[in-house]
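>>> Below are the sequence and a predicted model for it; my questions follow.
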Amino acid sequence: MSEKVFTVAEANALIGVLGPVLEQLRDAQAVLDARHGELEEHAPGNGGGEPGVEFLGAMSDAGKAIAKLNEAGVVVRDPASGLIDFPAEREGQRIFLCWRIGEDAVDWWHPTTSGFADRRPL
């Protein structure tokens, strides 16, 4: 788990900064998923052509986004939906504050031993 421990206020303050980074990661992941099959098909004949160029660009974008998210101290759970966890504490126990693209604020948490399916309101 990350060394950084977030309060709800700190996590909410980062949403405006991390939201666009998560959107970049989500979009890059979509390109990677879409181009992967084409790249396998075209790469042996011409090095990948346009799908290869787009795939490599998406790889670069994804790498930069993940580096920014790691630097912020959050845990990326699902790039496709923009789901991240903020390490936190609740009643003396380590937990994760849970947020994903489209939610207005960090309003959920779950134990470190479970995930999204076990989200509970703050």
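Sure, I can see it.

>>> When you work out contacts or count neighbours from here on, use the C-alpha atoms and nothing else.
Fine.

>>> Can you tell me how far residue 103 is from residue 31?
23 Å (C-alpha to C-alpha, to the nearest Å).

>>> higher neighbour count, those two?
Using other C-alpha atoms under 10 Å, the more surrounded residue of residue 103 and residue 31 is residue 31, with 18 against 9.

>>> so where does that one fall, helix or strand?
Element membership for residue 31 (DSSP states H and E) is helix 8-46.

>>> Determine how far that helix lies from the middle of the whole chain.
Centroid displacement of helix 8-46 relative to its chain, using C-alpha atoms, centre = their mean, to the nearest Å, is 8 Å.

>>> Quick one: residues contacting residue 89.
Contacts for residue 89 (C-alpha atoms under 8 Å, 6 or more residues apart in numbering) come out as 5-7, 95-96.

>>> Among the residues you listed, which one has the most neighbours?
Neighbour counts for these (other C-alpha under 10 Å) peak at residue 96, which has 28 neighbours.

>>> For residue 21, see how far away that one is.
Counting by C-alpha to C-alpha, the gap between residue 96 and residue 21 amounts to 20 Å.

>>> Over to residue 82?
As judged by C-alpha to C-alpha, residue 82 and residue 21 stand 9 Å apart.

>>> And for residue 83?
Distance, residue 83 to residue 21, using C-alpha to C-alpha: 12 Å.

>>> Where does pLDDT dip in this protein?
Within the chain, the stretches with pLDDT under 70 are 1-2, 39-49.

>>> rerun at 80
1-2, 35-53 (pLDDT under 80).

>>> what residues are up against residue 79?
Contacts of residue 79 by C-alpha under 8 Å, 6+ apart are 22, 25-26, 29.

>>> Residue 83 and residue 21 - which one has more neighbours?
Taking neighbours as other C-alpha under 10 Å, residue 83 and residue 21 compare with residue 21 leading, 21 against 18.

>>> Quick one: neighbours of residue 114, just the number.
Neighbourhood size, residue 114 [other C-alpha under 10 Å]: 11.
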